[in-house]
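In: Got a sequence here, can you model it:
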Amino acid sequence: MPISRRSLLGAAATLPALAMPGLVRAEAQTTLRFIPVIDLAFLDPIFSTAQVTRNHGFMVYDTLYGMNAALDVSPQMVSGHVTSNDGRQWDLTLRDGLVWHDGERVLARDCVASIKRWAARDGFGAELIAATDELSAPDDKTIRFRLKRPFPLLPQALGKAAVQPAFMMPERLATQDPMKPLTEVLGSGPFRFVKEERVQGIRNVYAKFERYQPREGGKPDWTAGPKIVHYDRVVWSTMPDAGTAAAALRTDEQDWQETTPHDLLPVLKAEEDIAIRVLDPRGYACLMRVNHLHPPFNNPAIRRALLGAIDQAAFMTAVAGSDPAYQVTPIGFFAPGTPLASDVGLDVFRGPRDMEKVKAELKAAGYNGEKVVLLVPANSQAQRPLGEVAADMMRRAGMSVEYVALDFAAVLQRQLKKDPIEQGGWNAAVGNWQGIDWLNPAGNTNLRGEGAVAGWYRSEKMGTLRAQWLAATDIAEQQRVCREIQALAFEEIPYYPIGLYKQPTAYRKSITGILDGTAVFWNVRPA
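Out: Numbering: from 1, shown residues only. As a prediction, this is how the structure comes out:
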């Protein structure tokens with residue numbers, strides 16, 4: 001008989017406290033025990049867009065600017081900046097006391113190389129470099145941008161918390177090929193990565209970096225302000241089964257579960273020693289990306305015809321349950337509740353789905369029964385249900401679907417293939433991004449239209465509109481352009497937005513100081 005999540009939790013609750021090794025209890029005084037949402041498959045946060053790799057990045061590396069929970073940016077590694085020549089020159093000054101984990105000083109030339117490597121992978125970074133005539137280090141503490149045109153969003157680009165952040169690395173690492181993942185992990189952040197204790201798929205370990213100097217003044221607020229570490233070690237324990245993870249939280253074997261499935265919330269809420277809250281009200285925006293290189297989704301008419309089958313509420317209910325407090329539908333191509341979101345085109349998602357009509361429209365658009373290879377991360381508690389709904393939806397719309405369940409790392413690797421499906425390619429894949437990743441058309445890599453990310457969407461029209469957004473001088477003009485961007489996206493379908501859910505985190509009340517935003521590990525301390 002299969003064991004349910006709830007029965008597993010019930011069994012764990014009956015374990016006697018004496019069954020826990022004394023070593024575990026003693027270690028908890030100096031070690032923060034954390035369960036990440038999924039295994040850390042990639043260690044290079046510039047190469048990978050995985051959120052777990054971004055979280056790893058913020059432990060080990062630092063950024064020139066930080067972002068608070070209100071999405072404002074402020075100096076982090078820099079003491080400040082000076083602009084001149086009508087905004088066409090920016091001089092950023094590194095603050096004193098910055099050192100790499102190997103003891104070497106952080107120099108401006110390290111940061112110049114890091115910015116260039118980041119910009120080769122990140123859309124917002126690419127926009128900054130495109131506006132730059134020269135990026136240089138005139139001395140050890142000064143990073144200089146000489147711009148072709150004013151770029152007032154420079155601090156926002158360098159300080160964004162969304163994937164991929166502009167993490168600083170030593171020059172010898174930052175000058176390596178950005179299209180290949182780094183294997184050495186060396187930053188200047190508040191934690192060192194303990195590589196010798198890494199067991200892929202099971203454990204990752206971080207140690208407090210004793211020479212890290214937090215910013216002076218202000219208060220810790222997400223990735224901004226002073227990053228003060230209170231634990232000697234942080235141990236990430238990968239637990240693919242969320243029920244097992246929640247049970248470990250209840251029995252005090254773990255301190256913090258990054259993402260708690262919504263169906264387990266009633267059980268955990270009944271525990272007096274466990275706190276539950278949503279760290280980021282902007283939630284997780286979900287998508288089904290499609291491959292624009294090969295049939296059937298290289299045909300924009302077919303992409304548009306399938307819109308009528310998308311039931312965002314069904315996707316979100318599969319992930320977050322029926323409680324409306326944890327889901328938002330309909331959504332478009334910008335995170336709902338943020339300044340650039342609008343209701344342009346959202347009527348296509350309202351009302352009941354008529355699958356017979358969709359079948360007819362797909363046939364009229366030229367769909368001839370081609371196989372659709374759908375990639376689904378089988379070890380993701382959120383993305384697996386998205387894949388199940390997507391497969392059912394496309395089949396009911398008359399499409400021939402091959403459901404390919406792989407682990408998360410394998411999905412990321414296969415999405416990079418441009419080959420046709422007969423040679424190991426793919427047609428569609430589900431995924432989730434944080435709402436902060438969909439804040440604007442420069443940062444939302446899936447929307448840029450340069451053919452540079454999985455799905456390979458290309459659009460000159462989208463590039464023109466994005467340039468208009470970057471040149472906009474006020475929020476009203478930015479919003480006007482983004483309404484046009486969303487209208488174009490519903491015409492060209494770079495991907496399908498399939499809803500947004502709000503993700504609770506759960507932790508024992510024996511720890512305190514968890515900041516809003518994403519999972520960061522400074523400021524957290526024993527209660």
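In: neighbouring contacts of stretch 456-475?
Out: Residues outside stretch 456-475 that contact it (CB atoms under 8 Å, 6 or more residues apart in numbering): 127, 131, 151, 153, 291-293, 339, 418, 440-442, 446-451, 478, 481-482, 484-485, 488-489, 492, 494-495. C-beta: built from backbone N, CA, C; applies to glycine.
In: Would you indicate which residues of the lengthiest helix in the chain are buried?
Out: If you go by DSSP state H, the chain has its longest helix at helix 475-492. For helix 475-492, the buried set under the neighbour-count rule, 16 or more other CB atoms under 10 Å, comprises 478-479, 481-490, 492.
In: what's the answer for stretch 210-223, then?
Out: Y212, P214, R215, P220, D221, W222, T223.
In: chain center to it: distance?
Out: In terms of CA atoms, centre = their mean, to the nearest Å, the centre of stretch 210-223 is found 23 Å from the chain centre.
In: what does the model give A12 for pLDDT?
Out: With respect to pLDDT, A12 scores 42.
In: and A527, what does it touch?
Out: K509, S510, I511, T512.
In: got it, and Y61?
Out: Contacts of Y61 (CB under 8 Å, 6+ apart): P45, F167, M168, M169, G187, S188, G189.
In: how about those in a markdown table, adding neighbour count and secondary structure?
Out: A markdown table is the format used below for the contacts of Y61 (neighbours: other CB atoms under 10 Å; DSSP: H, G, I helix; E, B strand; the rest coil):
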| residue | neighbour count | secondary structure |
| --- | --- | --- |
| P45 | 29 | coil |
| F167 | 23 | strand |
| M168 | 28 | coil |
| M169 | 29 | coil |
| G187 | 26 | coil |
| S188 | 25 | coil |
| G189 | 24 | coil |
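In: After the helix or strand hosting E402, heading C-terminal, what element do we hit next?
Out: Per DSSP states H and E, E402 falls inside strand 400-406. Using DSSP H and E, the helix or strand that directly follows strand 400-406 along the chain is helix 408-415.
In: show me where the stretch 1-150 of the chain has strands.
Out: 31-35, 65-67, 73-75, 78-84, 89-94, 132-139, 142-147 (DSSP state E, counting those that start in this stretch).
In: Please apply the same query to the stretch 401-527 of the chain.
Out: Counting by DSSP E, counting those that start in this stretch, the strands of the stretch 401-527 of the chain are 428-434, 495-501, 504-508, 511-512, 525-526.
In: now the stretch 201-350 of the chain
Out: Using DSSP E, counting those that start in this stretch, strands in the stretch 201-350 of the chain cover 203-208, 233-237, 256-257, 274-278, 284-290, 327-328.
In: want to throw the ones you listed into TSV with mean pLDDT?
Out: Listed next are the strands of the stretch 201-350 of the chain as TSV, based on pLDDT from 0 to 100:
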stretch	mean pLDDT
strand 203-208	98
strand 233-237	98
strand 256-257	98
strand 274-278	96
strand 284-290	97
strand 327-328	95
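In: Y284 is in contact with Y501, isn't it?
Out: Yes: using CB atoms under 8 Å, Y284 is in contact with Y501, at 5.5 Å.
In: so what's in contact with the two at the same time?
Out: Counting by CB under 8 Å, 6+ apart, the residues touching both Y284 and Y501 are A382.
In: Model confidence for T473, exactly?
Out: pLDDT, read off for T473, is 85.
In: Let me fix that, I meant to ask about V453.
Out: According to the model, V453 scores 89 on pLDDT.
In: Distance of it relative to Q164?
Out: 11 Å (CB to CB, to the nearest Å).
In: now this protein, which segments are flagged as low pLDDT?
Out: Along the chain, segments meeting pLDDT under 70 span 1-29.
In: Let me know the closest of the contacts of A527 to A69.
Out: Within the contacts of A527, distances to A69 taken as CB to CB reach their minimum at T512, with 16.8 Å.
In: Flag every buried residue along stretch 36-47.
Out: P36, V37, I38, D39, L40, A41, F42, L43, D44, P45, I46, F47.
In: Dump it to PDB, restricted to CA.
Out: C-alpha atoms of stretch 36-47 as PDB (Å, rounded to 0.1, in the frame of the first residue of the first chain):
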ATOM      1  CA  PRO A  36      16.500  23.500  -0.200                       C
ATOM      2  CA  VAL A  37      13.700  23.100  -2.700                       C
ATOM      3  CA  ILE A  38      15.800  20.900  -5.000                       C
ATOM      4  CA  ASP A  39      19.300  19.600  -5.400                       C
ATOM      5  CA  LEU A  40      22.100  22.100  -6.200                       C
ATOM      6  CA  ALA A  41      22.900  20.700  -9.600                       C
ATOM      7  CA  PHE A  42      25.100  23.700 -10.800                       C
ATOM      8  CA  LEU A  43      27.600  25.600  -8.700                       C
ATOM      9  CA  ASP A  44      28.000  28.500 -11.100                       C
ATOM     10  CA  PRO A  45      25.300  31.200 -10.600                       C
ATOM     11  CA  ILE A  46      26.300  33.000 -13.800                       C
ATOM     12  CA  PHE A  47      25.900  29.900 -16.000                       C
END
